[in-house]
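> 3D, please:
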Amino acid sequence: MLNIKDALYSGIHTVQENAKKINETVAPGIVHGIETAATKTGDALTAGKNTVVNTGAAAKDAVMDQLDANHDGKVDIEDIIILGLRTPGVKVERNRFLANEFRAHYDAATIEKAVRTTPMKAGISLEEINKIADAVIQHERYFVSGISAALGAPGGAAMAATIPTDIMQYYGYTLRAAQEMMYLYGFPEIISADNEAQIDTSTMNTLIIAMGVMFGVAGANNAIKAMAKALGEGVERQLMKKALTKGAIYPIVKSIAKWFGVKMTKEVFSGFFKKAIPVAGGIIGGGITYVSFKPCCERLKTSLMDTMLSNPNHLETKEESEIFESIAREIDEQSEEHSGF
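Have a look, this model is predicted:
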């Protein structure tokens, strides 16, 4: 028994000695290896983070450069409109559009009058115009969601080359829907053949107001209703241009442009564009864009369907009336200047 006991103690002692040696020699090596690996991993993560940050900054700069259409060092609503209108098919020919939309339901005389004057003056009911506007919105909505899905793009630096295409096509369809709805609800031609190559200031400002309405910018709704009233009262095109470029409506245009400028510059990736134009989401991105596009169009439709150009029972707001009165005063002042008084 003693021999067995001695053997057990001897074995235990041997195990203890070996454990001590492992603790003194092997363990420190393991710990050092772990610490080294952790340090290298940390360095790699830091380097990776810096690469991502630098790549993101470069991608952002590349996108900003591509979007700055007028080369003024910033991205604003004018850039979006300029680039959007360069997208094939965005400019809408008013006469052809109205004729095509009404051809299935109205005779030639009614269509001719709708094109020459306004759909309301041609006797086309607001209810019917609303139905056509809904169809237009749905049509453009399918296109824009299809673009977002089809242009699903890889992330990282490749995104710099793909985002502007997606953005421009999205806003291109937004601009096209805006023109179509404005024509349906009585507005005259916005982009004529003589400014096909270069958009003049009054045309630009008209589209800025329309975009402002679509995105719910303060003041835009009153401005577009006042424009409709002025057109309904027979204000000449040249006088409307003056109101848009340096007259009563111009301060509202500047306010809308400033709103877009702040938002776009601040949120090129993190907010405005990323949410509106999901480029990396494929079919999911298309679905998000499909949802986001309609509210913009609905805001403009809601505004346009209750103006002097579209609704015989329209009741103007105080704000709309004040803007129009300013336009009227400008017209009177110009008339006095021309008459020599």
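> Provide a list of residue ranges in the stretch 1-150 of the chain with pLDDT below threshold.
1-66, 68-73, 145-150 (pLDDT under 70).
> same thing but 90
The stretch 1-150 of the chain contains residues with pLDDT under 90 at 1-90, 139-150.
> Same question for the stretch 151-300 of the chain.
151-174, 191-200, 233-242, 260-294.
> redo that, cut-off 70
151-168, 193-198, 265-291.
> what ranges do the helices span in it?
Using DSSP state H, counting those that start in this stretch, the helices of the stretch 151-300 of the chain run over residues 159-184, 201-214, 220-232, 237-245, 250-266, 272-276, 283-304.
> tell me what the fourth one is packed against?
Using 3 or more Cβ pairs under 8 Å, 6 or more residues apart in numbering; DSSP states H and E as the contact criterion, the secondary-structure elements in contact with helix 237-245 are helix 201-214, helix 220-232, helix 250-266, helix 318-339. (C-beta placed from N, C-alpha, C; glycine too.)
> The third one too?
With contacts defined as 3+ Cβ pairs under 8 Å, 6+ apart, the packing partners of helix 220-232 are helix 201-214, helix 237-245, helix 250-266, helix 283-304, helix 318-339.
> Tell me which of these is the most buried.
helix 201-214 (a mean of 23; mean count of other Cβ atoms under 10 Å).
> tilt between it and helix 220-232?
Angle of helix 201-214 versus helix 220-232, following axes from the mean of the first three to the mean of the last three Cα atoms, to 10 degrees, is 130 degrees.
> Output helix 201-214 as PDB - backbone C-alpha positions only.
Taking C-alpha atoms only, helix 201-214 is exported to PDB below (Å, rounded to 0.1, in the frame of the first residue of the first chain):
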ATOM      1  CA  THR A 201     -34.100  81.900 -65.400                       C
ATOM      2  CA  SER A 202     -37.900  82.200 -65.400                       C
ATOM      3  CA  THR A 203     -38.300  78.600 -66.600                       C
ATOM      4  CA  MET A 204     -35.800  77.400 -63.900                       C
ATOM      5  CA  ASN A 205     -37.700  79.400 -61.200                       C
ATOM      6  CA  THR A 206     -41.000  77.900 -62.300                       C
ATOM      7  CA  LEU A 207     -39.600  74.400 -62.000                       C
ATOM      8  CA  ILE A 208     -38.000  75.300 -58.600                       C
ATOM      9  CA  ILE A 209     -41.500  76.300 -57.300                       C
ATOM     10  CA  ALA A 210     -43.000  73.100 -58.600                       C
ATOM     11  CA  MET A 211     -40.300  71.100 -56.900                       C
ATOM     12  CA  GLY A 212     -40.800  73.100 -53.800                       C
ATOM     13  CA  VAL A 213     -44.400  72.100 -53.700                       C
ATOM     14  CA  MET A 214     -43.500  68.500 -54.300                       C
END
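> and it with helix 250-266, angle?
Using the same axes, to 10 degrees, helix 201-214 lies at 70 degrees relative to helix 250-266.
> before we move on, back to that, figure out which of the helices of the stretch 151-300 of the chain is closest to Thr110.
With Cβ to Cβ as the criterion, Thr110 lies closest to helix 159-184 of the helices of the stretch 151-300 of the chain, at 14.4 Å.
> Give me the domain ranges for this protein.
Per the record, the chain has its domains at 1-67, 70-339, by automatic domain parsing.
> export the helices and strands packed on helix 237-245 to CSV and tack on distance to Arg96?
Converted to CSV, those look like this (distance: least, Cβ to Cβ, whole Å):
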stretch, distance to Arg96
helix 201-214, 18
helix 220-232, 21
helix 250-266, 28
helix 318-339, 30
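> Looking at these, which is nearest to Leu98?
Across the helices and strands packed on helix 237-245, Leu98 has its closest neighbour in helix 220-232 (15.8 Å, Cβ to Cβ).
> In CSV, list the C-alpha atoms belonging to the closest one.
Taking Å, rounded to 0.1, in the frame of the first residue of the first chain, the C-alpha atoms of helix 220-232 are listed here in CSV:
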residue,chain,number,x,y,z
ALA,A,220,-44.1,77.1,-52.5
ASN,A,221,-47.8,76.2,-52.5
ASN,A,222,-48.9,79.9,-52.2
ALA,A,223,-46.5,80.8,-55.0
ILE,A,224,-47.8,78.3,-57.5
LYS,A,225,-51.4,79.3,-56.7
ALA,A,226,-50.6,83.0,-57.2
MET,A,227,-48.9,82.1,-60.5
ALA,A,228,-52.1,80.3,-61.6
LYS,A,229,-54.2,83.3,-60.6
ALA,A,230,-52.0,85.7,-62.6
LEU,A,231,-52.1,83.4,-65.6
GLY,A,232,-55.9,83.1,-65.2
